[in-house]
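[1] Quick one, what's the 3D model for this:
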Amino acid sequence: MRTSRKRTIAIIVPVTVLALAGIATAAGLTTSSTSLGGGSTLVTNNCSIKVSYDLVNDVAFQGPVVGPPATVGGYYLSKVTVTPGGQSDCVGAAFRVTLAKTSGLTLTEAVSAFTTATAPIKVPVSAFAQDVGAAYATVSNNTASTSGPTN
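    Next up, the predicted model:
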């Protein structure tokens, strides 16, 4: 029985020391990469975007449409406001607005571009208002310089 304890201790102690040494080494590492995804894509655009809509002024009633494409009558979100964050990278930056259900399913998308670093833009969209669970925008043009594979 003593031999078994000695073997266990002889195995546990070096393994513990090695694990602690690995943790200490990892804690001392710093990240100096400006890339995402383990170095696969470099992103240099600093344009932050705010997306909003007004439930009073940006929602309009539309009657049902019978012909293709058929639509249900009701209240539709007709526009969203996209405001750039004031960074110089926002000037001329194209962006894509996406309206989605709470499940993440995309309802509609629209594209536009900023003309200044601070002026908000009203982007026309059309989605049944009760279905909209999220509205977001992403910079989508070459003002965001990227390198590496795009998946």
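
[2] mind listing the strands for this structure?
    Taking DSSP state E as the test, the strands found in the chain are 35-36, 41-42, 49-52, 59-62, 74-84, 94-100, 106-113, 121-128, 134-139.

[3] a markdown table for those strands, including mean neighbour count?
    All C-beta atoms are positioned from the backbone trio N, CA, C, and that covers glycine. Putting the strands of the chain into a markdown table (neighbours: other Cβ atoms under 10 Å) gives the following:
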| stretch | mean neighbour count |
| --- | --- |
| strand 35-36 | 13 |
| strand 41-42 | 14 |
| strand 49-52 | 14 |
| strand 59-62 | 13 |
| strand 74-84 | 19 |
| strand 94-100 | 20 |
| strand 106-113 | 15 |
| strand 121-128 | 17 |
| strand 134-139 | 17 |
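
[4] CSV for those, including distance to Ile11?
    Rendered in CSV, the data for these read as follows (distance: least, Cβ to Cβ, whole Å):
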stretch, distance to Ile11
strand 35-36, 40
strand 41-42, 43
strand 49-52, 55
strand 59-62, 68
strand 74-84, 60
strand 94-100, 53
strand 106-113, 54
strand 121-128, 62
strand 134-139, 51
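
[5] Could you tell me the least trusted of the ones you listed?
    Of all the strands of the chain, the segment with the smallest mean pLDDT is strand 35-36, scoring a mean of 46.

[6] Run through the residues that contact Ala134.
    Shown here is Ala134, whose contacts under the criterion Cβ atoms under 8 Å, 6 or more residues apart in numbering are 98-102, 104.

[7] Can you tell me which of those is closest to Ser52?
    Nearest to Ser52 among those, counting by Cβ to Cβ, is Leu99 at 12.4 Å.
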